[in-house]
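J.: Let me see the structure of the following:
(chains A and B, ligands or ions: 2)
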Amino acid sequence: MPARNVAMREAIRRALREEMHRDDNVFVMGEEVAYWQGTHRVTRGFLEEFGERRVRDTPISEMAIGGLAVGAAMAGLRPVAEFMTINFAFLALDAIANHAAKVRYFFDGMFKVPLVYRAASGWGNQATASHSHAPEPIFAHFPGLYVGCPSNSMDAYGMLKASIRDDNPVLFTESIALYPKPGPMPAEDDGDFLIPIGKGDIKREGGDVTLVAYARGVDWALQAARQLARDGVEAEVVDLRWLRPLDMELVYQSFKKTNRCVIVEESLPMYSFGGEIAALLQENMFDYMDAPIKRVAAEDAPLPYSKEIELLALPDAQKVVNAVKEIV
Amino acid sequence: MGSPTKAMLLDWYRQMVLIREFEETCHRLYEEKRITGVYLHLYSGHEASGVGSMAALRKSDHVITAYRDHGIALILGMDPKAVMAEMMGKKTGSSGGKGGSMHLASKDHNFWGGYAIVGGHLPLAAGIALEARYHGKDDVTMTYVGDGATNNGYFHESLNMSAIWDLPVVWIIENNGYAMGTEVDRASGQVELHRKAEAYGIKSFGRVDAQNALEVYAVALKAVDYARKKGPVVIEHVTYRYRGHGVSDKQYDAREDMSAELKEWMATREPIKILRDCIESQYGDVGEVLAQHEADAVQIVADSVTFAEASELPSTYEDLMRNTYVSSDLVHKTAASVGAGID
Ligand SMILES: Cc1ncc(C[n+]2csc(CCOP(=O)(O)OP(=O)(O)O)c2C)c(N)n1
Ligand SMILES: [Mg+2]
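T.: Residues are numbered from 1 along each chain as shown, chains lettered A, B, ... in the order given. Ligands and ions are numbered 1, 2, ... in the order given. Next up is the predicted model:
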């Protein structure tokens, strides 16, 4: 596979564009996706290429965006609905959690809901409190929904394609901080490059400690691993990629080898991803546990505007290194 | 098109007495604790609203509603046995016992379901209508929505969206005077509810006396035709609920004004009687046919109860988990499921 460097934004754009060419039932809708060319430029050029039928600007109506996608999907379309940022998807929580995730269940399998919600996610850049969330775990709470959170271009490309082709509803989050990050891609002609839903990935091998992460947390974990290696500590980095379904087998395999674990996430610390992984480890891997499980997450505060305290709130590689040093 | 034929009127009568018998039986079964649960919202009193409006549809059109959905399901021709079994949470229920009273649906009848979150089904309706537009079909989506739901954000966002995208939705506001215990004028600044839709540029067919199936039908015909050709329309059905908000509603026992109001509606605006009078004034004595429909309704509903009570309850872990996802092999195995030895 040629290692062509493509920004994650472009990888997502390519996946979406190719899927729209493959299947006429795939269409995009959302605020500013058409004439504005996408708030994050993911749908740049789409209006010109596919026209208004398939590239649909919506009003600022998150509840309707969330629910309309459900009805369209039940009726046989394959909507890809964009929330400008995930902060605004809170307004659509009912459509997502009570409808997208449940209609198949409460009608006992009568309908499929093959939709994808895309949402830009993450903290930072002085976006201030209401625009600074990485709340993926909230959405991963609900059975019936899949949640995908890629950490790089190739994963984003293969995961989004798999999400669009799957018959279940998927919430697909895209870390704003990772949009410009370049990374290798599969071969140009491999339009069927798919990353199976629910499959995690080892991003770095190591025998001393397991770092479990997803999305932007993977970058912090990898940076920390490089730093730790200088001190002779080899960290294994598990990128779960999907918060639902959760590839715990991969975590268990790694943990059986390292017997130590630090969980890294961009989200808030209470009732969190870290809490879930730690609980599953102690329930199922107690005999392999040589040290307390550590968690690195954002600080338990809303995000402020001012730069220095904003950075203080965020997790980073150094916090991961510090956590590892407490247990190795 | 235009005025309904004699055969249609007789069939409407059949539908209306079937609904009434079904709903009153549900009420009795609930009192006898043979139907359990906390939610059971009956369509008694509303019959003409659904029967008259759906008579204007063709088979390929779509229907969606909220939780007051038993009558809608029966009008569309769902099997009363499967509907009754769903009330009792049985495996043979139309939703396998997973949905209950508020979540009836039938793909075969283009019935997209009953929904329990107030307003939650309204954007779904717009999405279903979008599919028709997207594929160049002229099928309409008939969408029932309560007066109370017109105050919730879903209503406004969905109606607006249907207007800007010219979606073929027939929005039918079933104004039965109350949202649970809240009168329309205590909840809505605009009490002519169809005018809220007009604010979004939606064509309004105004208010209709929805106790009279013929009036409902006449307006629905025009509205459906308009929606097919052009875009969304709204109709406000003025109706009344005979069994309160739901079976646990005790207001009518506690409030004299409400029980007097109910008696007044039943005495003067009873939809089944209005239809009967219409049929008789046009076609003379059809008592025998009507009596037969009444007797059939009693038998059909009794059979549905027998069927439902004889059916099995879902009881296994597999029953619980089934259809969470399209393919269940990816379902996240919780610690609890692992502990229960189910893998
Ligand atoms: C979002 C939401 N809020 C509150 C409720 C509780 N609730 C159920 S039905 C109802 C009243 C709705 O009244 P209306 O829309 O007029 O319909 P009707 O019951 O009269 O048919 C309320 C408040 C709910 N199910 N969903
Ligand atoms: Mg009402």
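
J.: What is the burial count for residue A:186?
T.: Residues near residue A:186, counting by other CB atoms under 10 Å in any protein chain shown, number 18. To be clear about C-beta, it is placed using only N, CA and C from the backbone, and glycine gets the same treatment.

J.: separation between it and residue B:259?
T.: Distance of residue A:186 to residue B:259, given as CB to CB, to the nearest Å: 71 Å.

J.: Name the residues of stretch A:310-325 that are buried.
T.: By 16 or more other CB atoms under 10 Å in any protein chain shown, the buried positions in stretch A:310-325 come out as A:310, A:313-315, A:317, A:319-321, A:323-324.

J.: How about whichever helix in chain B runs longest and ligand 1, any contact?
T.: Counting residues, the longest helix found in chain B (DSSP state H) is helix B:6-31. No - counting by CB under 6 Å from any ligand atom, ligand 1 has no neighbours in helix B:6-31; the shortest distance is 13.2 Å.

J.: Could you list the low-pLDDT ranges of the chain?
T.: Picked chain A for this. A:1-3 (pLDDT under 70).

J.: hm, I was asking about chain B
T.: B:1, B:328-343.

J.: Could you pick out the residues of the stretch 151-300 of chain A near ligand 2 for me?
T.: Within the stretch 151-300 of chain A, no position is near ligand 2 by CB under 5 Å from the ion.

J.: Quick one: residues contacting residue A:20.
T.: A:26-28, A:46, A:50, A:54 (CB atoms under 8 Å, 6 or more residues apart in numbering or on different chains).

J.: neighbours around the residue in chain A that ligand 1 sits nearest to, how many?
T.: Residue of chain A nearest ligand 1, by CB to the nearest ligand atom: residue A:94 (7.1 Å). By other CB under 10 Å, 17 other residues sit near residue A:94.

J.: Now it. Its backbone dihedrals?
T.: phi -70, psi -40 (degrees, to the nearest 10).

J.: and what of residue A:242?
T.: According to degrees, to the nearest 10, residue A:242 has phi -120, psi 130.

J.: Verify the stated contact: it with residue A:147.
T.: Yes - using CB atoms under 8 Å, residue A:242 is in contact with residue A:147, at 6.5 Å.

J.: So these two - more neighbours on which side?
T.: residue A:242 (28 against 25).

J.: Enumerate every residue touching the more buried one.
T.: Applying CB under 8 Å, 6+ apart, the residues near residue A:242 are A:146-149, A:159, A:197-200, A:214.

J.: Most neighbours among those, which one?
T.: Neighbour-wise, the contacts of residue A:242 (other CB under 10 Å) top out at residue A:149, 34 neighbours.

J.: so what's it closest to, chain neighbours aside?
T.: residue A:215 (4.1 Å; CB to CB, 6 or more residues apart in numbering or on different chains).

J.: Likewise for residue A:195?
T.: Closest to residue A:195 by CB to CB, 6+ apart is residue A:158, at 3.5 Å.

J.: Hmm, that neighbour is touching residue A:193, no?
T.: Yes - Residue A:158 is in contact with residue A:193 according to CB under 8 Å; the separation is 5.0 Å.

J.: helices or strands next to the helix or strand containing residue B:223 in the packing?
T.: Assigned by DSSP states H and E, residue B:223 belongs to helix B:213-229. With contacts taken as 3 or more CB pairs under 8 Å, 6 or more residues apart in numbering or on different chains; DSSP states H and E, helix B:213-229 sits against helix B:6-31, helix B:47-54, strand B:169-175, strand B:203-209, strand B:233-238, helix B:271-283.

J.: orientation of it relative to helix B:271-283 in degrees?
T.: Interaxial angle of helix B:213-229 relative to helix B:271-283 (axes from the mean of the first three to the mean of the last three CA atoms, to 10 degrees): 90 degrees.

J.: And helix B:213-229, how far out from the chain middle?
T.: Mean C-alpha position of helix B:213-229 versus that of the full chain (CA atoms, centre = their mean, to the nearest Å) differs by 17 Å.

J.: Using CSV, write out every CA atom in that helix.
T.: Extracted in CSV, the C-alpha atoms of helix B:213-229 (Å, rounded to 0.1, in the frame of the first residue of the first chain):
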residue,chain,number,x,y,z
ALA,B,213,-66.3,11.2,8.8
LEU,B,214,-67.8,12.6,5.7
GLU,B,215,-66.6,16.1,6.3
VAL,B,216,-63.2,14.7,7.2
TYR,B,217,-63.1,12.7,4.0
ALA,B,218,-64.1,15.6,1.8
VAL,B,219,-61.3,17.8,3.1
ALA,B,220,-58.7,15.0,3.2
LEU,B,221,-59.4,14.2,-0.5
LYS,B,222,-58.5,17.8,-1.5
ALA,B,223,-55.5,17.9,0.9
VAL,B,224,-54.0,14.6,-0.2
ASP,B,225,-54.4,15.6,-3.9
TYR,B,226,-52.6,18.9,-3.1
ALA,B,227,-49.8,17.2,-1.2
ARG,B,228,-49.3,14.6,-4.0
LYS,B,229,-48.8,17.4,-6.6
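
J.: Identify each buried residue in that helix, please.
T.: B:213-221, B:223-224, B:226-228.

J.: Name the nearest of those relative to ligand 2.
T.: Among these, residue B:216 lies closest to ligand 2 (CB to the ion), at 16.7 Å.

J.: Chain A contacts on the stretch 101-250 of chain B?
T.: B:103, B:105-107, B:112-113, B:115, B:117, B:120-132, B:134, B:153-154, B:157-158, B:160-161, B:164-165 (CB under 8 Å from any CB of the partner chain).

J.: try 6 Å
T.: For the stretch 101-250 of chain B, the contact set with chain A under CB under 6 Å from any CB of the partner chain comprises B:103, B:105, B:107, B:117, B:120, B:123-124, B:126-128, B:130-131, B:153-154, B:157-158, B:161.

J.: Now do the same contact list for residue A:14.
T.: Listed by CB atoms under 6 Å, 6 or more residues apart in numbering or on different chains, residue A:14 has no contact partners.

J.: repeat that with 10 Å
T.: A:6, A:42, A:153, A:156-157, A:160-161, A:185, A:188, A:191 (CB atoms under 10 Å, 6 or more residues apart in numbering or on different chains).
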